[in-house]
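J.: Based on what follows, work out the 3D shape:
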Amino acid sequence: MSYKEHASPQCGFMLSLNEDGESQYPRFWVRVQPASGSAAWQYAESATPVPADTWVHLAGTYDGQYVRLFQNGARLPAPWRRVQ
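T.: Numbers count the residues shown, from 1 in each chain. Got it, this is the predicted structure:
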């Protein structure tokens, strides 16, 4: 897991594996502070688990509108999360 958070403005990110204890689906979380309202965590999660005993490179991006997840340099298919 990789994690970074900032108190003001409330923002941050976290790259992790899901927590169901059975499969290892990569997940990228982004905490954003909208112009009005409260900060909230949004995420994108892969529909395919990370293969066991294999090195993979995971990355997540947030462009101000969408949260996206990449594995080994390739953008993973939706679901991407559009941050409102």
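
J.: Could you report the neighbour count for residue 68?
T.: 17 (other CB atoms under 10 Å). All C-beta spots, glycine's among them, are computed from the backbone N, C-alpha and C.

J.: before we move on, which element is it in?
T.: strand 66-71 (DSSP states H and E).

J.: which other helices and strands contact that strand?
T.: Packing partners of strand 66-71 (3 or more CB pairs under 8 Å, 6 or more residues apart in numbering; DSSP states H and E): strand 26-32, strand 40-45, strand 58-62, strand 81-82.

J.: any residues touching the first one, and which ones?
T.: Residues outside strand 26-32 that contact it (CB atoms under 8 Å, 6 or more residues apart in numbering): 5, 10-18, 39-46, 50, 58-62, 67-69, 71, 76, 83.

J.: now the helices and strands packed on strand 66-71 as TSV including mean neighbour count?
T.: Output for those, formatted as TSV (neighbours: other CB atoms under 10 Å):
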stretch	mean neighbour count
strand 26-32	21
strand 40-45	17
strand 58-62	17
strand 81-82	14
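
J.: Among these, show the one with the smallest mean pLDDT.
T.: Mean pLDDT is lowest for strand 81-82 among the helices and strands packed on strand 66-71, at a mean of 60.

J.: hang on, the earlier thing: following the strand holding residue 68 in sequence, what is the next regular element?
T.: Past strand 66-71, the next helix or strand by DSSP H and E is strand 74-75.
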